[in-house]
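Q: Let me see the structure of the following:
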Amino acid sequence: MLFSIATIMLVGSGLACGDTVLTVAVLAIVITAPLGAFAIDNTYKKLLN
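A: Residues are numbered from 1 along each chain as shown. You can find the predicted model right below:
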């Protein structure tokens with residue numbers, strides 16, 4: 001459902017490569033979110049002291 005809404009929004013705004021943009025955006029979030037969580041988990045004690 002969310003994928004189709006985002007695709008309609010991107011294609012509706014005149015962007016022909018909407019599926020590619022959406023795929024790259026989702027992959028960026030999926031890759032960077034765990035890396036950020038890992039970095040926060042390993043550095044919060046040092047940074048808060």
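Q: Go ahead and flag the most central residue of the protein.
A: Note on the chain: the residue nearest the mean C-alpha position is residue 29, at 2.5 Å, using Cα atoms, centre = their mean.
Q: count of neighbours near residue 28?
A: Using other Cβ atoms under 10 Å, residue 28 is surrounded by 10 other residues. (Each C-beta comes from the backbone N, C-alpha and C, glycine too.)
Q: host element of it?
A: With the criterion set as DSSP states H and E, the secondary-structure element containing residue 28 is helix 18-48.
Q: Just list what that helix packs against, helices and strands only.
A: Helices and strands in packing contact with helix 18-48 are listed as helix 2-12; criterion 3 or more Cβ pairs under 8 Å, 6 or more residues apart in numbering; DSSP states H and E.
Q: residue ranges with poor pLDDT in this structure?
A: Residues of the chain meeting the criterion pLDDT under 70: 1-14.
Q: Next, the buried residues of the helix holding residue 28.
A: Of the residues in helix 18-48, those scored as buried under the neighbour-count criterion (16 or more other Cβ atoms under 10 Å) are 18, 22.
Q: Relative to residue 41, how far out is the residue nearest to the centre of the chain?
A: Noted for residue 29: a distance of 18 Å to residue 41, by Cβ to Cβ, to the nearest Å.
Q: cool, residue 17 as well?
A: The value you get for residue 17 to residue 41, if Cβ to Cβ is used, is 36 Å.
Q: next one: residue 21
A: Between residue 21 and residue 41 the distance is 31 Å, computed by Cβ to Cβ.
Q: now residue 25
A: As defined by Cβ to Cβ, residue 25 lies at a distance of 25 Å from residue 41.
Q: Repeat that for residue 15.
A: Using Cβ to Cβ, residue 15 is found at 37 Å from residue 41.
Q: what does residue 27 give?
A: Distance from residue 27 to residue 41, counting by Cβ to Cβ: 22 Å.
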